[in-house]
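**Student:** next input, structure requested:
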Amino acid sequence: MRRSEAEALAGLAPALQWALILTVSLLFAGILELADLPAALLIGPMLAGIVAGANGATVRLPRPAFFAAQAIIGCLIAASIELDILALFVDDWPLFLGVVVATVAASSFLGWLISGWKILPGTTAVWGSAPGAATAMVLMAESFGADARLVAFMQYLRVICVSVAAALVARLWVDTSDVSVAETVWFPAIEWLPFATTLAVAAVGGIGGYLLRLPSPWFLGSLIAGVALHLSAEVQFQLPEWLLAVSYALIGWAIGLNFSRPILRHAARALPQIMLSILVLMAFCGGLAWLISRYLGVDPLTAYLATSPGGMDSVAIIAAAADNVNISFVMAMQTARFLFVLMFGPSLARLVTKLVKE
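**Tutor:** Numbers count the residues shown, from 1 in each chain. Have a look, this model is predicted:
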């Protein structure tokens, strides 16, 4: 590859580079949205960043913008954790804990294999294999020595595969042709108290996480502060779509622009093994769903959606469209696994990496 071909964007002014990246981001995100693929607002900008990075773009996202986006995503996750879901988990904790531990153990084993076979470096395979919490895993991975670019590649590839599979399986039980998704309101009326609270929690929580030297401090700091306020004092947040879209785009660009042609070639070489690990994990979770359905009397679609290893947003939409699906059970299982991965992911990554080295 000649230098001029590999660095096609290097000679352009930074403003022009950003204009091109923004244009391509809108194009990719629009295509993904039309295809009903998950996380379009994050994956679209990330793909645009990858294209730009592989073609010699010299611009990089300012770190304060990346930190602010992480803090907003921390508030988003905090707002999604509700007491009624946690109460359902407490009522049936042996079932939830057993399924969650089995899923995480299977994903960790697959990560151990990929890492042990030197397909991906260090803890990258373990973070990339973690089931669920895709954005959280990408944001935290770099703090623990993993390659956030390859973790993102693994995580969002699995999210797409799981979401597409869940939609196809749902068609066997549910006619979703007449289901209409609520229209997105990009610029809703601002409720100033919840909106100001969101910004304050993002800022104060992020700064607190930084001062406490938490890993991925801006994300975890705002998440911890947000969960504490949301559950204990029923504090409400407002996260308008435009704010989430900007935050997703900033995170996508921060990840994508760090890709280079050698990294892309490495990811392409690892693609067959990564796809195989995704399919194996999906099959394992399908087996858990079969056991739950057969021996505990849970209807098959509810069991399958509850155990799907990722794509929580898509799973929630499919569950809501079906009359016979227990959506509370589905979301409780998904949330339980999400929290488990969030809390124990770093320890599992260190343990698996230690086993690989031995």
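
**Student:** need the residues that contact the one helix or strand residue 71 maps to.
**Tutor:** Applying DSSP states H and E as the criterion places residue 71 in helix 63-80. With CB atoms under 8 Å, 6 or more residues apart in numbering as the contact definition, helix 63-80 has outside contacts at 135-136, 139, 198, 201-203, 205-206, 216, 218-223, 225-227, 229-230, 236-237, 239, 243-244, 246-248, 250-251, 254, 335. From N, CA and C alone the C-beta is placed, and that goes for glycine too.

**Student:** among the residues you listed, name the ones in helices.
**Tutor:** Among those, DSSP state H puts 135-136, 139, 198, 201-203, 205-206, 218-223, 225-227, 229-230, 243-244, 246-248, 250-251, 254, 335 in helices.

**Student:** on that earlier part again, of the contacts of helix 63-80, grab the buried ones for PyMOL.
**Tutor:** Buried residues within those, by 16 or more other CB atoms under 10 Å, are selected in PyMOL with:
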select buried, resi 135+136+139+198+201+202+203+205+206+216+218+219+220+221+222+223+225+226+227+229+230+237+239+243+244+246+247+248+250+251+254+335
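
**Student:** what separation is there between residue 16 and residue 149?
**Tutor:** 24 Å (CB to CB, to the nearest Å).

**Student:** the helix holding residue 71: what's the following helix or strand?
**Tutor:** Using DSSP H and E, the helix or strand that follows helix 63-80 towards the C-terminus is helix 83-91.

**Student:** report the buried residues of the helix or strand following that next one.
**Tutor:** Going down the chain from helix 83-91, the next helix or strand is helix 93-116, by DSSP H and E. Using 16+ other CB under 10 Å as the test for burial, helix 93-116 gives 95-96, 99-100, 102-104, 106-115.

**Student:** give the other helices and strands that helix 93-116 contacts.
**Tutor:** Counting by 3 or more CB pairs under 8 Å, 6 or more residues apart in numbering; DSSP states H and E, the packing neighbours recorded for helix 93-116 are helix 124-129, helix 261-296, helix 300-307, helix 327-357.

**Student:** looking at those helices, which is closest to residue 53?
**Tutor:** Checking the helices and strands packed on helix 93-116 against residue 53 by CB to CB gives helix 261-296 as the closest, at 8.5 Å.

**Student:** buried residues in that closest one?
**Tutor:** Neighbour counts over helix 261-296 (16+ other CB under 10 Å) mark 263-264, 266-267, 270, 273-274, 277-278, 281-282, 284-286, 288-289, 291-293 as buried.

**Student:** what is the mean pLDDT for it?
**Tutor:** For helix 261-296, the mean pLDDT works out to 91.
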